[in-house]
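J.: Have a look at this prediction, sequence included:
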Amino acid sequence: MNDHGSMVRTDRLQPDAAGLARAAEILRHGGLVAFPTETVYGLGADATQAEAVAGIYAAKDRPSFNPLISHLDSVRSAQVQGIFDETALRLAAAFWPGPLTLVVPVAPTCTISDLARAGLDSVGLRVPSHPLAHALLAAFGRPVAAPSANRSGRVSPTAADHVLGDLDGRIDAVLDGGAAEVGLESTIVACLGGPPRLLRPGGVPREAIEAVIGQKLEGASETGNNPVAPGMLASHYAPRAQVRLDAKDIRSGEAALLFGAGRPGGIEGAAASLNLSENGDLTEAAAHLFSYLRQLDASGAATIAVSPIPEAGLGEAINDRLRRAAAER
Ligand code: AMP
Ligand code: MG
């Protein structure tokens with residue numbers, strides 16, 4: 001589905017070589033494919049293509065951008081994306097492939113788009129064990145961002161029919177692998193330099209993790225003797241600059257985050273300016289959001305002035321993130 005709400009035909013792909021090849025081809029072209037994992041069905045897109053990732057939020061009708069888990073075929077592929085300390089390596093060796101997600105610092109070689117990371121300097125990675133998920137990831141050869149394949153606010157799907165019940169006409173295909181086994185979501189553990197933290201309980205029990213690392217997992221709080229780098233555990237990225245929303249004109253020295261074809265008054269005096277989408281395309285705007293915020297923040301301007309952005313479709317999630325950034329100070 002696109003921003004204007006037009007429907008696509010959703011194919012049900014068989015779990016065979018032809019189905020897998022078609023699924024990988026759709027991903028390569030920036031499309032959306034739901035696929036089974038050992039936890040629930042995931043809604044996958046090429047994690048390296050920000051516009052494809054924006055499509056996930058549009059199809060799910062998600063009103064906010066939270067970081068997505070990227071799925072890979074092996075520990076080796078995961079190490080291209082993230083930096084694994086000794087604890088993370090131990091957990092990967094013990095529980096991958098399987099229902100464990102590791103949140104680790106972004107590696108310099110990371111190709112996962114900043115929309116999939118919600119602009120954070122950390123990345124959520126998982127190597128699933130479901131044979132079809134593994135076969136798809138191996139055939140595709142790139143990280144696949146995938147939250148659960150349901151409309152926002154509905155229950156996670158454990159069968160292709162559940163996926164179609166929610167997303168038929170909104171995604172390109174579902175790879176039908178029968179029932180998912182666990183039905184629980186993955187356990188999420190952050191390994192960001194300090195003590196490892198449990199961010200979400202799930203398919204791998206806390207005790208099993210603690211047995212492997214020989215220490216207790218902390219909760220998600222940032223208190224403790226060994227705090228992680230600032231912002232790394234934050235649930236969202238926020239710029240250093242003040243953010244001024246609904247800016248119909250630009251004040252001298254502000255950085256301008258524009259949307260659409262109009263040229264706001266005072267733009268000549270801007271310290272820097274970037275346009276999320278000159279055509280007013282919300283998918284393109286979502287794909288640019290985090291990198292443009294970062295670039296404008298790096299200009300050193302005290303304030304980033306943001307053009308009005310319509311509240312429709314992905315505009316809701318874009319405005320949600322901008323409002324949080326504006327409220328921060
Ligand atoms: P899911 O809804 O199953 O796709 O899981 C997504 C969740 O994974 C997010 O809401 C976060 O809790 C967690 N997560 C993924 N990536 C990160 C990250 N880079 N930093 C912190 N948490 C993350
Ligand atoms: Mg979900």
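T.: Cool, got the structure. Ligands and ions are numbered 1, 2, ... in the order given.

J.: ends of stretch 115-128, how far apart?
T.: 22 Å (C-alpha to C-alpha, to the nearest Å).

J.: Now it: buried residues?
T.: Using 16 or more other C-beta atoms under 10 Å as the test for burial, stretch 115-128 gives 115-120, 122-128. C-beta: built from backbone N, CA, C; applies to glycine.

J.: hang on, A305 in a strand?
T.: Yes: read with DSSP: H, G, I helix; E, B strand; the rest coil, A305 is one of the residues of a strand.

J.: Nearest spatial neighbour of it, chain-adjacent residues omitted?
T.: Counting by C-beta to C-beta, 6 or more residues apart in numbering, A305 lies nearest to A247, which is 3.6 Å off, once chain neighbours are set aside.

J.: before we move on, what about L43?
T.: That would be A149: by C-beta to C-beta, 6+ apart, it lies 3.9 Å from L43.

J.: Neighbours of the one you found, how many?
T.: 29 (other C-beta atoms under 10 Å).

J.: Quick check: pLDDT value at it.
T.: In this model, A149 is scored at 96, pLDDT.

J.: Kindly report the same for A305.
T.: So, for A305, pLDDT stands at 98.

J.: The one 4 residues further on now?
T.: Per-residue pLDDT puts I309 at 97.

J.: How about the contacts made by it?
T.: F259, L276, L282, A285, G315, I318, N319, L322 (C-beta atoms under 8 Å, 6 or more residues apart in numbering).

J.: hmm, who's touching the helix or strand encompassing L136?
T.: Assigned by DSSP states H and E, L136 belongs to helix 131-140. Residues from elsewhere that reach helix 131-140 (C-beta under 8 Å, 6+ apart): 15, 20-21, 23-24, 27-28, 33, 35-38, 42, 44, 46, 71-73, 97, 128, 144, 175, 177.

J.: tell me which residues in that helix are buried?
T.: L132, A133, H134, A135, L136, L137, F140.

J.: Spatially, what comes nearest to F35 if we skip its sequence neighbours?
T.: F35 sits nearest to L175 (C-beta to C-beta, 6+ apart), 4.4 Å away.

J.: pretty sure that neighbour contacts T37?
T.: No: L175 lies out of contact with T37 (C-beta atoms under 8 Å); the separation is 10.6 Å.

J.: T109: neighbouring residues, count only.
T.: 10.

J.: How about the one 4 residues further on?
T.: As a burial measure, S113 scores 24 neighbours (other C-beta under 10 Å).

J.: Kindly report the residues of the chain close to ligand 1.
T.: 66-69, 103, 117, 120, 122-124, 147-148, 185, 188, 199-200 (C-beta under 6 Å from any ligand atom).

J.: Just name the closest of those to G219, please.
T.: Nearest to G219 among those is L199, at 9.0 Å by C-beta to C-beta.

J.: mind listing what's buried in the host helix or strand of V80?
T.: Using DSSP H and E, V80 sits within helix 75-81. Of the residues in helix 75-81, V75, S77, A78, Q79, Q81 count as buried by neighbour count, 16+ other C-beta under 10 Å.

J.: My guess is the first one contacts W96. True?
T.: Yes: V75 is within contact range of W96, at 5.9 Å (criterion: C-beta under 8 Å).

J.: shared neighbours of those two, which are they?
T.: In contact with both V75 and W96: V127, using C-beta under 8 Å, 6+ apart.

J.: returning to what we had before: so what does the helix holding V80 touch, helix or strand wise?
T.: Judged by 3 or more C-beta pairs under 8 Å, 6 or more residues apart in numbering; DSSP states H and E, the packing partners of helix 75-81 are helix 86-95, strand 122-126.

J.: Tell me where the model's unsure across the stretch 101-250 of the chain.
T.: 220-236 (pLDDT under 70).

J.: interface residues of it facing ligand 2?
T.: S148, S156 (C-beta under 5 Å from the ion).

J.: ranges for the strands of the stretch 101-250 of the chain?
T.: Along the stretch 101-250 of the chain, the segments classed as strands by DSSP state E, counting those that start in this stretch run 122-126, 144-145, 173-175, 187-190, 197-200, 242-244.

J.: For the residue in the stretch 1-150 of the chain that ligand 1 sits nearest to, give the beta-bridge partners.
T.: Closest residue of the stretch 1-150 of the chain to ligand 1, C-beta to the nearest ligand atom: G124 (2.5 Å). Beta-bridge pairing for G124 (DSSP bridges): I69, V103.
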